[in-house]
Structures are given as C-alpha cells and as structure tokens.
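Enquirer: No sequence on hand, only this structure:
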C-alpha cells in the first residue's frame, strides 16, 4: 500500500455504526492503512480498527449504542449528560476488551482529535496517549452541551467537532497525499447554523470561555470549508469519499439495535461494492 494514505473518520453519535461496517470490511479484506485520524465516535471506531478486532467493531456499532445507558434520561441522571460515555465504554470493555498489545504495536498510526476548552483550539494526540482508563477517547466523544468535558493532560477537553468535524487538514499536515474519508452523512446533507438557544446555552455554561460559543456559531461554516477541501481532493483524484448510499432514517440518537445493524451492514456493503476502486486507489 502507498505509505502516504490517510484514513479519516468523522463523528455522528450512533450514526457511526456505518463507519463500523466500513472498517470491518477493511479488516476482513486485510486493508490496513498506515495512518488514521478520527473525531468523536469516528475515533472510537478507529480503536478496534487499529487493534485488528472486527468483533469489537460490531459491538461498537450495533450493541453499544443500543444498550439502555447509552443515550437518554438514564445517562442524564447517572453521568450528567444525554450520552452515557462511561456506561458505553464499560459495556465495550466487558463485551470485547480492547487488545492493547496489538493496538500499540499496530502499523496503523492513529491521531485522536480533542477540543481544548481553555484555549479554544483542537489538539491531536497519537495512540501512545491512550491509557487503559481511555480518558483521551472519552474526551473526544464528549459532545458540547450533551455531555461533560473531561480532564486530560492538565486541561479540560471535549469533542473536537466544535471546529474539526472532518479532520482532513490533520491528515494533510501528516504528509498524506491520498485520503479515504468515511462520512456518516447521506448525500445532500447540509449542516445548519446552530440555533440561537444553543448559542445562548453555550454562553451560559461556558461563560468563562467565550470562544466556545463563538466556535459554535460558525461551526457550520467550518464544516462546509472542510467538505470543500475533501471535494477538491476528490476532483484531483486524491480522495475517495465513502458515505451512506441510502437514507435509512438513522440519527445520532438512534438506539434501535435492528436499525443500527442495518446501518452497519450498509457500511459494509457500500465498501465491498467499491472495493476494486479502493484497492486501485491505495496501490
């Protein structure tokens, strides 16, 4: 494989079951990218990809999001947020423990993006920063207003999707000349500006950090900018976009296990349908 190919995964809550299906197809076909970078649930999915655990990808995509403490009122009372990050990672470790030995030795480099609440900047940490308490990946999944930030590396961190929803620029900075981008969004998706109530709530909750609300206000513009970069690279033959081929009504809050399984299987099928093109692209 070309050693300057980057694998890029965006977030999307339980919509990332699609990403799990794509990554399982890669593992089943023995496609191991030299570099990967993920945001939020995208980064969570890259853990079992780097550790070569297809079964954990199935658990991550299908079962973890469907368990009762993953989304809703229960995690709100137990963890203070609508997404049960602690419960989800406990569930994953019980059902399919991460193979840390393979993970650290894996030839696939992995960068995980997080938003530094103190500075208002996105920072990327490689897999050597992932300890067994998994604080780094939990911080990456800590969605603004929906969960609490995490203390990590002497700072306060949360989901980097406030700025870098698609970490394409990080892949470019790492010297990659080609990119495979896995999107959880269907064709025609347009990110709308954050509603005023969200911006007001961000100002209240993070009043000591005014840049949080400012970044939220222009988040949709950053997302479109990142898509522009991806589309231009695709035109130049330097990127492939893998995204759902159909709309199955899945949202970031979907917990129906049968629906998540169908979404996972769509990711797998879409990848297999384009397998020859992908193999030719990465040669």
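Expert: That came through fine. Note that this is a predicted model, so its numbers are computed, not measured. Numbers count the residues shown, from 1 in each chain.

Enquirer: Now do the helices in the chain.
Expert: Ranges of helices in the chain, per DSSP state H, are 17-28, 41-50, 54-58, 73-79, 85-95, 100-105, 135-140, 168-173, 196-205, 210-217, 219-235, 257-273, 275-282.

Enquirer: what packs against the third one?
Expert: The helices and strands touching helix 54-58, judged by 3 or more C-beta pairs under 8 Å, 6 or more residues apart in numbering; DSSP states H and E, are helix 17-28, helix 41-50. For glycine as for every other residue, the C-beta is placed from the backbone atoms N, C-alpha and C.

Enquirer: go on, the last one?
Expert: Applying 3+ C-beta pairs under 8 Å, 6+ apart, we find helix 275-282 packed against strand 178-182, strand 239-242.

Enquirer: quick one: buried residues of it?
Expert: Buried residues in helix 275-282, counting neighbours by 16 or more other C-beta atoms under 10 Å, are found at 278, 281, 282.

Enquirer: Pick the one among those closest to residue 24.
Expert: The shortest gap between residue 24 and any of these belongs to residue 278, at 14.2 Å (C-beta to C-beta).

Enquirer: Deepest-packed of the helices and strands packed on helix 275-282, please.
Expert: Across the helices and strands packed on helix 275-282, averaging neighbours per residue (mean count of other C-beta atoms under 10 Å) puts strand 178-182 on top, at a mean of 24.

Enquirer: That strand pairs with which strands?
Expert: Using DSSP bridges, the strands paired with strand 178-182 are strand 5-9 (parallel), strand 239-242 (parallel).

Enquirer: List of residues touching that strand?
Expert: The contact list for strand 178-182, computed with C-beta atoms under 8 Å, 6 or more residues apart in numbering, reads 2, 4-10, 18-19, 22-23, 33, 42, 166, 168, 171-172, 230, 233, 238-243, 267, 278, 281-282.

Enquirer: List only buried entries from the residues you listed.
Expert: Using 16+ other C-beta under 10 Å as the burial test, the contacts of strand 178-182 include 5-10, 18-19, 22-23, 33, 42, 166, 168, 171-172, 230, 233, 238-243, 267, 278, 281-282 as buried.

Enquirer: rewinding a little: could you dump the buried residues of helix 275-282 to CSV with distance to residue 114?
Expert: CSV is the format used below for the buried residues of helix 275-282 (distance: C-beta to C-beta, whole Å):
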residue, distance to residue 114
278, 29
281, 30
282, 28
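
Enquirer: I'd like those laid out as TSV, including distance to residue 121 and pLDDT.
Expert: What follows is the buried residues of helix 275-282, written out as TSV (distance: C-beta to C-beta, whole Å; pLDDT from 0 to 100):
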residue	distance to residue 121	pLDDT
278	33	97
281	32	96
282	31	94
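
Enquirer: follow-up on the earlier one: may I see the strands paired with strand 178-182 organised as a markdown table, with distance to residue 185 added?
Expert: What follows is the strands paired with strand 178-182, written out as a markdown table (distance: least, C-beta to C-beta, whole Å):
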| stretch | distance to residue 185 |
| --- | --- |
| strand 5-9 | 12 |
| strand 239-242 | 10 |
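
Enquirer: lowest-pLDDT helix or strand in the chain?
Expert: Least confident element among the helices and strands of the chain, by mean pLDDT, DSSP states H and E: helix 73-79 (a mean of 80).
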